[in-house]
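>>> only the shape, not the letters, is given here:
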């Protein structure tokens, strides 16, 4: 990777006007990332980039191909040490310039530091509020993996995501119960931008995966109550009580939220479920008039041949998948 970065940042290398995709992956986590210098790639110019992926690879965050990538639709930053991440000002510039961005993935990366210091000094005489939430009006897919509660909540609050459809959240550090409660509250908190009806982030979602974020029954009920448009759920019973699967096929107890939880749910990815629980779930959803169409089951779930045959007869699509709980996210 060092040899590649050195080569494409050489003064003799011209701009890359036709480059549309740049994906750089450095998988070794034992090497000190400071060993990489902060290069300026392609003379700083690659104006047609639509996809940028940087895993453990850091660059000069001020160079134009990343700081003003106006054609960027897909940005993935992953596994950057604190001292090589962009500052909040640099990070904000990158996202505000990416006006057509559709997919954003931040896995143990993103801006350096933690809120509340995430702010920018206003420009004298400029009426624009440089510290207002970043308007990511076309982003439909958002993956967020953080190591602290402050970063989770800080990033969720710093973005305005009116088009968001698909959300993946995962912790990457030690969290306590209060941390989980606060994160769930942030997902269900009504946001009221100018001239719009207040809506929570969860109410916009069509698919959701929350990995390893166990929480109290009350928080899950509040979250499920907001997921009126959800069509696909990825649920791990390695972290959740079976209640969090069973409740989905029971009458909704929240006033004004319909007769059943997740009324539009048609696809379920599940880890750690038993055959008995899955058969009961599928049958109860069917009897409630909101049948499940597709069921994807972790190969290590406890299903016998009778369970498999029954499930295949009662859903349109039934499949096993094998691998870690990142299967759905990276499939």
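Everything's here; your move. Computed from a predicted model, the values in this text were never measured in an experiment.

>>> what bits of this structure have low per-residue confidence?
Within the chain, the stretches with pLDDT under 70 are 29-37, 123-128, 177-179, 192-196, 212-214, 239-241, 323-331.

>>> residue closest to the middle of it?
Centroid-nearest residue in the chain, with C-alpha atoms, centre = their mean: residue 143, separated by 1.8 Å.

>>> now do the strands in the stretch 151-300 of the chain.
Listed in chain order, the strands of the stretch 151-300 of the chain (DSSP state E, counting those that start in this stretch) span 159-160, 166-171, 207-210, 232-236, 267-271, 294-298.

>>> for residue 50, find the nearest of those.
Among these, strand 166-171 comes nearest to residue 50, with 18.6 Å by C-beta to C-beta. Using the backbone N, CA and C atoms, a C-beta is placed for each residue, glycine as well.

>>> for that closest one, buried residues please.
For strand 166-171, the neighbour count (16 or more other C-beta atoms under 10 Å) marks 166, 167, 168, 169, 170, 171 as buried.

>>> quick one on the thing from earlier: doesn't residue 106 make contact with the residue nearest to the centre of the chain?
Yes: with contact defined as C-beta atoms under 8 Å, residue 143 counts as touching residue 106 (6.9 Å).

>>> can you map out the helices along this structure?
Under the criterion DSSP state H, helices of the chain are mapped to 2-8, 64-67, 88-97, 149-158, 177-188, 217-226, 243-246, 275-287, 305-314, 327-330.

>>> take these and lay them out in a markdown table including mean neighbour count and distance to residue 236.
Shown next, in a markdown table, are the helices of the chain (neighbours: other C-beta atoms under 10 Å; distance: least, C-beta to C-beta, whole Å):
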| stretch | mean neighbour count | distance to residue 236 |
| --- | --- | --- |
| helix 2-8 | 13 | 37 |
| helix 64-67 | 21 | 34 |
| helix 88-97 | 19 | 30 |
| helix 149-158 | 20 | 18 |
| helix 177-188 | 17 | 14 |
| helix 217-226 | 18 | 13 |
| helix 243-246 | 17 | 9 |
| helix 275-287 | 17 | 13 |
| helix 305-314 | 14 | 19 |
| helix 327-330 | 15 | 10 |
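
>>> distance to residue 78 for these - can I get that in JSON lines?
As requested, these are exported to JSON lines (distance: least, C-beta to C-beta, whole Å):
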{"stretch": "helix 2-8", "distance to residue 78": "17"}
{"stretch": "helix 64-67", "distance to residue 78": "15"}
{"stretch": "helix 88-97", "distance to residue 78": "14"}
{"stretch": "helix 149-158", "distance to residue 78": "14"}
{"stretch": "helix 177-188", "distance to residue 78": "20"}
{"stretch": "helix 217-226", "distance to residue 78": "26"}
{"stretch": "helix 243-246", "distance to residue 78": "28"}
{"stretch": "helix 275-287", "distance to residue 78": "33"}
{"stretch": "helix 305-314", "distance to residue 78": "35"}
{"stretch": "helix 327-330", "distance to residue 78": "11"}
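
>>> which of those helices sits closest to residue 55?
Nearest of those to residue 55, taken as C-beta to C-beta: helix 327-330 at 11.9 Å.

>>> if I pick residue 249, what's in contact with it?
260, 261, 280, 281, 284, 285, 288 (C-beta atoms under 8 Å, 6 or more residues apart in numbering).

>>> so for it, what's the nearest residue that isn't a sequence neighbour?
residue 284 (3.6 Å; C-beta to C-beta, 6 or more residues apart in numbering).

>>> thinking that neighbour is in contact with residue 251, fair?
No: counting by C-beta under 8 Å, residue 284 does not reach residue 251; the two are 10.2 Å apart.

>>> mind listing the strands for the stretch 1-150 of the chain?
Assigned by DSSP E, counting those that start in this stretch, the strands in the stretch 1-150 of the chain fall at 21-25, 51-55, 74-78, 103-107, 134-135, 141-146.

>>> need those in TSV (columns: distance to residue 5).
Below are the strands of the stretch 1-150 of the chain laid out as TSV (distance: least, C-beta to C-beta, whole Å):
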stretch	distance to residue 5
strand 21-25	8
strand 51-55	11
strand 74-78	16
strand 103-107	21
strand 134-135	28
strand 141-146	25
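
>>> quick one: neighbours of residue 163, just the number.
Around residue 163 there are 12 other residues, counting by other C-beta atoms under 10 Å.

>>> reformat the contacts of residue 249 as CSV; add distance to residue 87.
Formatted as CSV, the contacts of residue 249 follow (distance: C-beta to C-beta, whole Å):
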residue, distance to residue 87
260, 47
261, 42
280, 52
281, 47
284, 51
285, 48
288, 51
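
>>> between those, which sits nearest residue 237?
Nearest to residue 237, judged by C-beta to C-beta, of those is residue 281 at 11.3 Å.

>>> dump the residue contacts of that closest one.
245, 246, 248, 249, 268, 292.
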